[in-house]
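K.L.:
please find the sequence and the predicted model below.
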Amino acid sequence: MTTTAPRGTGAVTPGRGSGGPAPRRATIPARTLRTDRWWLQPLLTVVALLLFIVYATFRAFQNAHYFAEPYISPFYSPCITTACEGDTFPELFTGPTWISPALYILIFPLGIRLTCYYYRKAYYRSFWLSPPACAVAEPHRRYTGETRLPLLGQNIHRYALYAALVINVILFYDAVLAFRDETGEWGHMGLGTLILLVNAVLLFLYSVSCHSCRHIVGGRINSFSRHPLRYKAWTQVSRLNARHMQWAWASLFSVAFADFYVFLLATDTINDLRFF
Amino acid sequence: MSYDATFRVWRGDASGGGLQTYTVAVNEGEVVLDVIHRLQATQAGDLAVRWNCKAGKCGSCSAEVNGRPRLMCMTRMSTFGEAETVTVTPLRTFPVVRDLVTDVSYNYEQAARIPAFAPRPRDKDGNHRMQQIDVERSQEFRKCIECWLCQDTCHVIRDHEENKAVFSGPRFLIRLAELDMHPLDVTDRRNAAQEKFGLGYCNITKCCSEVCPEGIHLTDNGIIPLKERVVDRRYDPLTWLGSKIGRRPKD
Ligand code: SF4
Ligand code: SF4
Ligand code: FES
Ligand code: FES
């Protein structure tokens, strides 16, 4: 057995690091020897996220067509200014007319998605290529991960979760309001009601399956046997947590779709399908 | 059912080397390690390869097969087409000794740095008591066979040799998690996890979980929970306040 690996010998292979191979590693010039389509996953992620970002940005700034009685687009809920179309939430203040009411609340969904453990994995891999795929060298010369600002800030994720849970409640409230008809009478249900409801459920599952949530409901405890209820909660959340990625994508899709449906109604492109 | 496969195997040592091409017979039901052994027996008598159990339990035969960190004894030849070239290289992250054998002592040095298990005092009758559900989480990590495939894949040290001085690698982050979750252990390793073992370097991109032959969920069940525990200790003003006014004991 030879001596131990040299330490702090500077960067490194096999990426474009500082060039030459690290001391005493096997000389393999190829950045990766993988033969499968390892680039497909990051590529699909980039395309899907960019599509969403473009659509969501356009809709958030559009400041129109986000309300079609009795439905409000999830991008605009809670709608907190006096300029709001519709009446789904207390109007708290009057903002400048050129600021879309979506922008005041954008920080909440953005906050949870940006600091989400799953999305971090997704964008570190596919946008930052750090690494683009397993055993494929990253192009960066240095790497400090989440040890310093701004990425150290990812540690506030649980606060983003708390805020998102509040929004979850509001979106359920919107779905309940969608059981009224155009005149405000209860006992209506349309395709829009169903869409808002499904969207609220998916967003809720996304929040509840969160890793921070898993920690808070029970993961932080060391003696489960002394906290049977929290153990039960932790077990349930763990079950959901195993599918956190799926909830993340399903809810991202549903929120865009719900908004699009309201857009179609508000622009009179289609009529709501009425169940009763 | 036998066929001739094309193998490219990295041959060399720390002073240099490269891929050499061989044509070698493959029989039905074989794994990559079988073929490497046949190569050693028939064409390359001095080919260095480390192995022991041939059952995926000793963690000795770690290498990279077509660029993917794998146990050679658990990689079936049937996963490759007969015409496909199979490339076998040593673990990239560690210094090479010769051919497919690498010097993995970095990992043992990290293991030695972890503060050992420190149980609370025994109960009055001299026993330690805990329930199965209390240790279940920790036990997942006990399945580790120390093959170092996760350590090899982790880009933090794979692509940045200098980070070996500040980062212990996924296998030891789950060791810290295992001890921190243990119902009997009383040492608080959370600050050390961040400051000494480099937990913050991990960007949860999950390659360690992808390659683990024991199917340990390193990231979801070990590293992320450990990150959350570190947040409790260092970054969350509410849990900090809770612990100050005595509302939140360690457990
Ligand atoms: S999840 Fe973290 S520890 Fe695991 S391979 Fe990725 S960076 Fe390394
Ligand atoms: S955690 Fe898995 S990949 Fe890592 S050393 Fe243990 S068995 Fe190998
Ligand atoms: S929302 Fe994804 S981990 Fe918390
Ligand atoms: S030879 Fe023991 S794990 Fe492969």
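P.N.:
Yep, it's here. Numbers count the residues shown, from 1 in each chain, chains lettered A, B, ... in the order given. Ligands and ions are numbered 1, 2, ... in the order given.

K.L.:
contacting residues for the residue of the stretch 151-276 of chain A found nearest ligand 3?
P.N.:
Here the stretch 151-276 of chain A gets closest to ligand 3 at one residue, A:Cys210, 2.9 Å apart by C-beta to the nearest ligand atom. Every C-beta, even on glycine, is put in place using the N, C-alpha and C of the backbone. Counting by C-beta atoms under 8 Å, 6 or more residues apart in numbering or on different chains, A:Cys210 touches A:Ile112, A:Cys116, A:Tyr117, A:His157, A:Leu161, A:Asn241, A:His244.

K.L.:
tell me which of the residues you listed fall in helices.
P.N.:
A:Ile112, A:Tyr117, A:His157, A:Leu161, A:Asn241, A:His244 (DSSP state H).

K.L.:
who's in contact with the spatially most central residue of chain A?
P.N.:
Residue closest to the average C-alpha location in chain A (C-alpha atoms, centre = their mean): A:Arg113, at 3.1 Å. Counting by C-beta under 8 Å, 6+ apart, A:Arg113 makes contact with A:Tyr119, A:Ala248, A:Leu252.

K.L.:
quick one: which of those is nearest to A:Pro96?
P.N.:
The shortest approach to A:Pro96 among the contacts of A:Arg113 belongs to A:Leu252, at 29.7 Å (C-beta to C-beta).

K.L.:
low pLDDT regions in the chain?
P.N.:
Picking chain A for this. Within chain A, the stretches with pLDDT under 70 are A:1-22.

K.L.:
chain B, not that one
P.N.:
B:246-251.

K.L.:
can you rerun that using 50?
P.N.:
Applying pLDDT under 50 to chain B flags no residue at all.

K.L.:
gap between stretch B:231-242 and the chain center?
P.N.:
Centre-to-centre, stretch B:231-242 and its host chain are 31 Å apart (C-alpha atoms, centre = their mean, to the nearest Å).

K.L.:
just stretch A:86-100 next, same as before
P.N.:
25 Å.

K.L.:
can you give me the end-to-end span of that stretch?
P.N.:
One end of stretch A:86-100 sits 14 Å from the other (C-alpha to C-alpha, to the nearest Å).

K.L.:
neighbouring contacts of that stretch?
P.N.:
By C-beta under 8 Å, 6+ apart, the list of residues contacting stretch A:86-100 reads A:60-63, A:67, A:69-70, A:72, A:76-84, A:101, A:104, A:170, A:173-174, A:177.

K.L.:
flag every buried residue along that stretch.
P.N.:
Buried residues in stretch A:86-100, counted by 16 or more other C-beta atoms under 10 Å in any protein chain shown: A:Gly86, A:Thr88, A:Phe89, A:Ser100.

K.L.:
could I get the full set of helices for the chain?
P.N.:
Using chain A. With DSSP H as the criterion, chain A has helices spanning A:40-62, A:101-105, A:107-115, A:117-126, A:157-177, A:191-208, A:211-214, A:228-241, A:244-266.

K.L.:
not quite, go with chain B.
P.N.:
So, for chain B - with DSSP H - the helices run B:32-42, B:105-113, B:132-142, B:149-153, B:155-158, B:170-181, B:190-195, B:207-211, B:224-230, B:237-244.

K.L.:
out of the ones you listed, nearest to B:Glu82?
P.N.:
The nearest among the helices of chain B, by C-beta to C-beta, is helix B:32-42 at 12.6 Å.

K.L.:
buried ones in that closest one?
P.N.:
B:Val32, B:Leu33, B:Asp34, B:Val35, B:Ile36, B:His37, B:Arg38, B:Leu39, B:Gln40.

K.L.:
re earlier: including distance to ligand 4, could the contacts of A:Arg113 go into TSV?
P.N.:
Formatted as TSV, the contacts of A:Arg113 follow (distance: C-beta to the nearest ligand atom, whole Å):
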residue	distance to ligand 4
A:Tyr119	35
A:Ala248	35
A:Leu252	40
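
K.L.:
got the residues you listed as JSON lines, with neighbour count and distance to B:Arg122 columns?
P.N.:
Shown next, in JSON lines, are the contacts of A:Arg113 (neighbours: other C-beta atoms under 10 Å in any protein chain shown; distance: C-beta to C-beta, whole Å):
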{"residue": "A:Tyr119", "neighbour count": "17", "distance to B:Arg122": "46"}
{"residue": "A:Ala248", "neighbour count": "22", "distance to B:Arg122": "46"}
{"residue": "A:Leu252", "neighbour count": "20", "distance to B:Arg122": "52"}
